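Asks: can't give you the sequence, but here's the structure:
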């Protein structure tokens with residue numbers, strides 16, 4: 001009898017085993033999931049793409065990708081696809097990894113909780129959704145209330161749009177950290193990767209889960225606030241207002257016009273009827289640092305932190321639980337020694353540390369060593 005192809009193995013052996021273990025083929029199992037189009041390779045004037053990455057199976061517990069299965073045809077051993085699966089799982093931040101040739105499963109627990117970490121399972125012994133979710137909860141140390149926040153659904157508008165894999169990783173990590181009580185978070189994402197959309201999904205899930213009931217979103221330019229309100233943050237509807245003393249009518253991409261609601265009067269009094277506030281950091285600070293207006297919010301999201309956020313505006317936001325979403329590159333040359341540096345948020349300025357000289361701990365005021373303060377001249 002001829003050997004089964006990879007597609008035959010998936011259809012006739014792996015999928016039935018997953019269904020028998022309790023996985024819903026409509027809601028929890030996704031097959032042939034492409035998540036990158038391949039690395040862009042430039043050689044002189046020629047531009048090509050590397051090999052695209054595609055996972056054979058990704059299993060979800062609600063919206064959370066919790067397991068990955070890499071299939072091979074019957075000519076391979078049961079664990080032949082494990083290294084490829086581990087590479088995909090590291091990119092997608094998936095904790096439980098399986099490889100199969102249809103005769104059984106090779107299981108690798110990236111959480112390190114299983115003993116042994118890698119083991120062979122019979123085809124009928126694939127773990128069910130509740131089993132893997134229980135292991136995930138134990139690994140993350142999630143209490144029931146925290147787990148409810150982590151499992152809060154994303155916003156869906158019916159168009160099929162969903163976060164890209166790196167956005168999903170950032171959103172899940174931020175929501176989980178906030179659910180567990182962490183109040184200072186920095187997300188570093190490249191320009192053009194959807195930082196505002198990522199922030200929206202984080203806020204939406206925290207808001208819907210009632211983890212945060214009043215949230216302040218800060219940007220450094222009016223146009224960024226206005227665009228955010230009519231585009232990514234549009235689903236918040238009547239719960240959202242701008243911290244401004246004057247209303248403004250702007251045009252959406254579809255040609256319709258909308259008047260932005262405002263939540264602050266001429267005497268800098270904030271209307272407490274709203275739950276999502278958007279504004280400039282300049283708008284929440286008065287002539288003196290003590291004259292600040294944070295709309296009674298307990299959580300602030302700062303979009304695109306950079307030079308303008310030093311000083312009173314940042315210190316005002318720092319009084320709240322804060323999530324910064326920045327477009328800074330994660331690594332850049334140090335203006336002191338030319339070494340590759342690692343950007344880290346300290347809450348009172350941009351701290352740059354030379355990775356090669358990381359042991360030389362210095363203050364962020366530009367003193368000797370490889371530590372400098374962002375926006376300040378190199379002081380020797």
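Replies: Perfect, thanks for sending it. No experiment lies behind these values; they were computed from the predicted model shown.

Asks: low-confidence ranges, this protein, go.
Replies: By pLDDT under 70, the weakly predicted segments of the chain are 1, 253, 283-298, 304-380.

Asks: can you map out the helices along it?
Replies: Along the chain, the segments classed as helices by DSSP state H run 6-9, 15-20, 82-92, 129-140, 144-150, 165-179, 195-208, 222-230, 312-318.

Asks: gap between the fourth one and the chain center?
Replies: Read it as helix 129-140. Centroid separation for helix 129-140 versus its chain: 21 Å, with C-alpha atoms, centre = their mean, to the nearest Å.

Asks: likewise for the shortest one?
Replies: Its chain's average C-alpha position is 34 Å from that of helix 6-9, according to C-alpha atoms, centre = their mean.

Asks: kindly report the same for stretch 17-25.
Replies: With C-alpha atoms, centre = their mean, you get 28 Å for stretch 17-25.

Asks: buried residues in it?
Replies: For stretch 17-25, burial by neighbour count (16 or more other C-beta atoms under 10 Å) applies to 17, 18, 21, 23. Heads up, the C-betas are built off the backbone N, CA and C, glycines and all.

Asks: quick one on the thing from earlier: how about a markdown table for the helices of the chain, with distance to residue 268 added?
Replies: What follows is these, written out as a markdown table (distance: least, C-beta to C-beta, whole Å):
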| stretch | distance to residue 268 |
| --- | --- |
| helix 6-9 | 65 |
| helix 15-20 | 58 |
| helix 82-92 | 46 |
| helix 129-140 | 42 |
| helix 144-150 | 33 |
| helix 165-179 | 29 |
| helix 195-208 | 24 |
| helix 222-230 | 17 |
| helix 312-318 | 13 |
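
Asks: looking at those helices, spot the one closest to residue 118.
Replies: Proximity to residue 118, assessed across these by C-beta to C-beta, is greatest for helix 82-92 (7.7 Å).

Asks: okay, buried residues for the closest one please.
Replies: Neighbour-count burial for helix 82-92, counted by 16+ other C-beta under 10 Å, picks out 82, 84, 85, 86, 88, 89, 92.

Asks: among the helices of the chain, which is the most enclosed?
Replies: helix 195-208 (a mean of 22; mean count of other C-beta atoms under 10 Å).

Asks: still on that earlier bit, which one of the helices of the chain lies nearest to residue 240?
Replies: Residue 240 lies closest to helix 222-230 among the helices of the chain, at 6.6 Å (C-beta to C-beta).

Asks: so which elements touch the closest one?
Replies: strand 215-219, strand 240-242, strand 248-251, strand 257-260, strand 276-280 (3 or more C-beta pairs under 8 Å, 6 or more residues apart in numbering; DSSP states H and E).

Asks: ok now the last one, how far from the chain's centre?
Replies: Here the centre of mass of C-alpha atoms in strand 276-280, compared against the chain's by C-alpha atoms, centre = their mean, lies 21 Å away.

Asks: mind listing what it pairs with, with the direction of each?
Replies: Under the criterion DSSP bridges, strand 276-280 sits next to strand 215-219 (parallel), strand 240-242 (parallel) in its sheet.

Asks: any chance of these in JSON lines, plus distance to residue 271 and mean neighbour count?
Replies: Shown next, in JSON lines, are the strands paired with strand 276-280 (distance: least, C-beta to C-beta, whole Å; neighbours: other C-beta atoms under 10 Å):
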{"stretch": "strand 215-219", "distance to residue 271": "14", "mean neighbour count": "26"}
{"stretch": "strand 240-242", "distance to residue 271": "7", "mean neighbour count": "23"}
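
Asks: nearest to residue 266, out of those?
Replies: Closest of the strands paired with strand 276-280 to residue 266 is strand 240-242, at 14.9 Å (criterion: C-beta to C-beta).

Asks: show me how far the closest one is from its chain's centre.
Replies: In terms of C-alpha atoms, centre = their mean, the centre of strand 240-242 is set 24 Å apart from its chain centre.

Asks: residues contacting the residue nearest to the spatial centre of the chain?
Replies: Centroid check for the chain by C-alpha atoms, centre = their mean gives residue 170 as the closest residue, at 1.4 Å. The neighbours of residue 170, taking C-beta atoms under 8 Å, 6 or more residues apart in numbering as the test, are 187, 189, 198.

Asks: re earlier: want to throw the buried residues of helix 82-92 into a markdown table with distance to residue 145?
Replies: Putting these into a markdown table (distance: C-beta to C-beta, whole Å) gives the following:
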| residue | distance to residue 145 |
| --- | --- |
| 82 | 36 |
| 84 | 37 |
| 85 | 33 |
| 86 | 32 |
| 88 | 32 |
| 89 | 28 |
| 92 | 27 |
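
Asks: find the nearest non-adjacent residue to residue 82, please.
Replies: residue 99 (4.2 Å; C-beta to C-beta, 6 or more residues apart in numbering).

Asks: residue 21 too?
Replies: Residue 21 sits nearest to residue 126 (C-beta to C-beta, 6+ apart), 4.3 Å away.

Asks: what's the spacing between the one you found and residue 69?
Replies: As judged by C-beta to C-beta, to the nearest Å, residue 126 and residue 69 stand 9 Å apart.
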